[in-house]
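*Asks:* With the input below, show me the fold.
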Amino acid sequence: MTFSIWLSLFAVCLLGAMSPGPSLIMVTKHSLAGGKLNGLAAAWFHAFGIGVYATISMLGLAVIFHNLPWLFYLISYAGAAYLLYLGFNALRSKGGIAAKLSAGERVSVWQSAKEGLLISLLSPKIALFFTALFSPFVASVTTLDGKILMVATPLIVDGLWYTLITLMLSNQKLLDKLRQKAVLIDRLSGLILIALAGKIVLSA
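*Replies:* Take a look at the predicted model:
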């Protein structure tokens, strides 16, 4: 892989990671609810899911979806159902993140990691990203080293981006302000997640 091709791949992966969506909401929620370690667990397990998609893309994700369209619909509807589940839970939250913390209830690191992984694996947005934008790079890479770099780049870019988000949220002054608005954050997050689920179902 030439440096110019890698730089293009890096830019595409960075823009994909930075685009707002359920992943950002999820990492923010776990950073606030559990702290830095929870946020990092959610971020890197999410990145691992990205690595899974990158690996599948190397095997021909676009071809797989073309030959098995039901697989894409399955991922889409499963992702929408999971977003609905998260959204309704957020809307039903009685005291928000602040109440959980004051009651001594902390989200476990494993729970944060699991949710991070599921959000990436069940996201049709990520599946479409790799099909439309990542797959064209596959044809230009033939060596094993190049293929490893193609899988590692989106994984590391995604993990580092959400690590940055987690570290920003660990700023105590910012954290205190966000926790004061915890109930509002829960409600808005719930509405956004439900709207995203509806969009997925309508466009699938």
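*Asks:* okay, which residue is most central for the chain?
*Replies:* S23 (3.2 Å; CA atoms, centre = their mean).
*Asks:* Quick one: mean pLDDT for the strand or helix carrying A127?
*Replies:* Element membership of A127, judged by DSSP states H and E, is helix 124-129. For helix 124-129, mean pLDDT rounds to 75.
*Asks:* Can you give the distance of it from its chain's centre?
*Replies:* How far helix 124-129 lies from its chain's middle: 11 Å, per CA atoms, centre = their mean, to the nearest Å.
*Asks:* Use 9 as the first number for this chain going forward.
*Replies:* Yep, numbering from 9; the last one is helix 132-137 now.
*Asks:* Remind me what it packs against, helices and strands.
*Replies:* helix 44-66, helix 77-100 (3 or more CB pairs under 8 Å, 6 or more residues apart in numbering; DSSP states H and E). Just so you know, the C-beta spots here come from the backbone N, C-alpha and C atoms, and that holds for glycine as well.
*Asks:* Can you mark which positions in the first one are buried?
*Replies:* With burial defined by 16 or more other CB atoms under 10 Å, the residues of helix 44-66 counted as buried are 46-62, 65-66.
*Asks:* One more: the longest one?
*Replies:* The neighbour-count check on helix 77-100 (16+ other CB under 10 Å) flags 80, 83-88, 90-92, 94-95, 98 as buried.
*Asks:* What sits closest to A55 if chain neighbours are left out?
*Replies:* G167 (3.4 Å; CB to CB, 6 or more residues apart in numbering).
*Asks:* The one you found touches A50, doesn't it?
*Replies:* No - counting by CB atoms under 8 Å, G167 stays clear of A50, with 10.5 Å between them.
*Asks:* mind listing what A86 touches?
*Replies:* L130 (CB atoms under 8 Å, 6 or more residues apart in numbering).
*Asks:* in the chain, which spans are helices?
*Replies:* Under the criterion DSSP state H, the chain contains helices at 11-26, 30-42, 44-66, 69-75, 77-100, 104-110, 117-129, 132-137, 143-146, 152-177, 180-188, 190-211.
*Asks:* which of those is buried the deepest?
*Replies:* Most buried of the helices of the chain, by mean neighbour count (mean count of other CB atoms under 10 Å): helix 30-42, with a mean of 24.
*Asks:* what distance separates that helix from the centre of its chain?
*Replies:* With CA atoms, centre = their mean, you get 10 Å for helix 30-42.
*Asks:* what do you get for stretch 86-94?
*Replies:* 13 Å.
*Asks:* Once you drop chain neighbours, what's closest to L177?
*Replies:* S39 (4.2 Å).
*Asks:* Surely that neighbour touches G47?
*Replies:* Yes - between S39 and G47 there is a contact at 3.2 Å, judged by CB under 8 Å.
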